[in-house]
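*Asks:* need a 3D model of the following:
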Amino acid sequence: MMISGIASKRNSVARPLMAFAAALLLTVALPGTASAQRLGYAAAPQAGPFGAGDQVLSSPQQDTAPDATVTDDEDAQLSDRLRRQVVAYNINQPAGTIVIDTANTYLYYLLGGGRAIRYGVGVGREGFTWAGTQTITRKAEWPDWHPPAQMIARQPYLPRFMAGGPGNPLGARAMYLGSTEYRIHGTNDPSTIGKFVSSGCIRLTNEDVADLFSRATVGTRVVVLPKSAPSLETRKPRPERQAMNIAVSSRD
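*Replies:* Numbers count the residues shown, from 1 in each chain. Now for the predicted structure:
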C-alpha cells in the first residue's frame, strides 16, 4: 500500500512537468505571430494581393509589381503655389489640352470655360528646355527606365536599365510624348518640383502625375511654351483681340 501511494504521488508530479515540457517544445518549434511578439521581434508579413513580399516597396528591383495606388502625401512637401488647384487660365486651346508653362514651372490641364487644373512641375535645366506641340502616344504605370544614350554619354554612372518602382526616377506614371525621348512623369524626389532640373522631361509628384494620368488619354495634345513666354494665368483678352493664339514650333 505504501509503495502504491508513493508511485501515485510521483505520477501526479510528473504529469504537469511533462505537459509543461511539451508546451515549451511546441512554442519553440512553431514561433507564430504571438510567440514572435513575446520574443520581441515582428512576425513575418502575411501574404497580400501580390504575394508574401508585397508590403516591401522600397527596392525598384523587386520581382513583384508595386501597388499601383499612390498613397504618399508628397503634395504636403510643396509650397502653396506648386500644389494642385483649379485656377483661371485663358488660352486659345480646347478643353483636355495640356499646357506646360516652362517659365513658371506649371502644367495646366484645361477644363474649358477659362479654367484649368494647375500642377507644379520640374522642367528642363539650362540648355535643355524646349517648346513645341506633341501628343501623348503611350502611357505606363510604374514605368521601367532606359536612360537614352545621350544621357548616359553625359552621365556615364547612370544605370543602363532600372525596373519600375518607388526608387525609379520616372516615378509612379509616365506619359510619352510623340516619338521623342521626352515624357511627363512622376519623381522619386519631390524636392525638385518647381525647379529647372531635368534633361527636358516634365516631372510631377507621384500624387499629381497619378491624377493627371487619370485625366489625359493617348492622343491628348501637349503644348510646351518657351521659357521666355509670359504667364497667361488670369489674363483677360483685350477688347480688340478676343482670342490669343500661341505660336509654337513643331518638334518631332
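*Asks:* quickly list the domain ranges of the protein.
*Replies:* Annotated domains of the chain cover 2-38, 74-225 [automatic domain parsing].
*Asks:* from those domains, which stretch is densest packed?
*Replies:* domain 74-225 (a mean of 18; mean count of other CB atoms under 10 Å). Quick note: C-beta positions are derived from backbone N, CA and C, even for glycine.
*Asks:* show the average pLDDT along that one.
*Replies:* Averaging the model's pLDDT scores along domain 74-225 yields 93.
*Asks:* which non-adjacent residue is nearest Leu82?
*Replies:* If you skip the residues right next to it in sequence, Leu82 has Gly120 as its closest partner in space, 2.7 Å away by CB to CB, 6 or more residues apart in numbering.
*Asks:* so that neighbour touches Leu204, yeah?
*Replies:* Yes: in this structure, Gly120 is within contact of Leu204 by CB atoms under 8 Å, at 7.4 Å.
*Asks:* common neighbours of these two, please.
*Replies:* The contact sets of Gly120 and Leu204 overlap at Leu107, Ile193 (CB atoms under 8 Å, 6 or more residues apart in numbering).
*Asks:* ranges for the strands of the stretch 51-200 of the chain?
*Replies:* Counting by DSSP state E, counting those that start in this stretch, the segments of the stretch 51-200 of the chain that form strands are 85-88, 98-101, 106-112, 115-120, 123-124, 132-141, 173-177, 183-185, 196-198.
*Asks:* now the ones you listed in CSV, with distance to Tyr157?
*Replies:* Shown next, in CSV, are these (distance: least, CB to CB, whole Å):
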stretch, distance to Tyr157
strand 85-88, 38
strand 98-101, 29
strand 106-112, 29
strand 115-120, 28
strand 123-124, 20
strand 132-141, 25
strand 173-177, 22
strand 183-185, 21
strand 196-198, 17
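*Asks:* closest one to Leu225 among these?
*Replies:* When the strands of the stretch 51-200 of the chain are compared for distance to Leu225 using CB to CB, the nearest one is strand 98-101, at 5.5 Å.
*Asks:* show me what the closest one is packed against.
*Replies:* strand 106-112, strand 221-225 (3 or more CB pairs under 8 Å, 6 or more residues apart in numbering; DSSP states H and E).
*Asks:* distance to Ser199 added to those strands, as JSON lines?
*Replies:* JSON lines is the format used below for the helices and strands packed on strand 98-101 (distance: least, CB to CB, whole Å):
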{"stretch": "strand 106-112", "distance to Ser199": "17"}
{"stretch": "strand 221-225", "distance to Ser199": "14"}
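*Asks:* could you point out which of those sits nearest Pro190?
*Replies:* strand 106-112 (14.9 Å).
*Asks:* partner strands of the closest one, parallel or antiparallel?
*Replies:* strand 98-101 (antiparallel), strand 115-120 (antiparallel) (DSSP bridges).
*Asks:* the inter-axis angle of it versus strand 221-225?
*Replies:* Calculated by axes from the mean of the first three to the mean of the last three CA atoms, to 10 degrees, strand 106-112 forms an angle of 130 degrees with strand 221-225.
*Asks:* for Ala116, give the beta-bridge partners.
*Replies:* Val87, Leu110.
*Asks:* isn't it up against Val86?
*Replies:* Yes: with contact defined as CB under 8 Å, Ala116 counts as touching Val86 (7.2 Å).
*Asks:* quickly list what the closest residue in space to Lys195 that isn't next to it in sequence is bridged to.
*Replies:* Nearest non-adjacent residue to Lys195, counting by CB to CB, 6+ apart: Gly122, 5.4 Å away. Counting by DSSP bridges, Gly122 forms beta bridges with Arg203.
*Asks:* and stretch 117-127, how far apart are its ends?
*Replies:* 28 Å (CA to CA, to the nearest Å).
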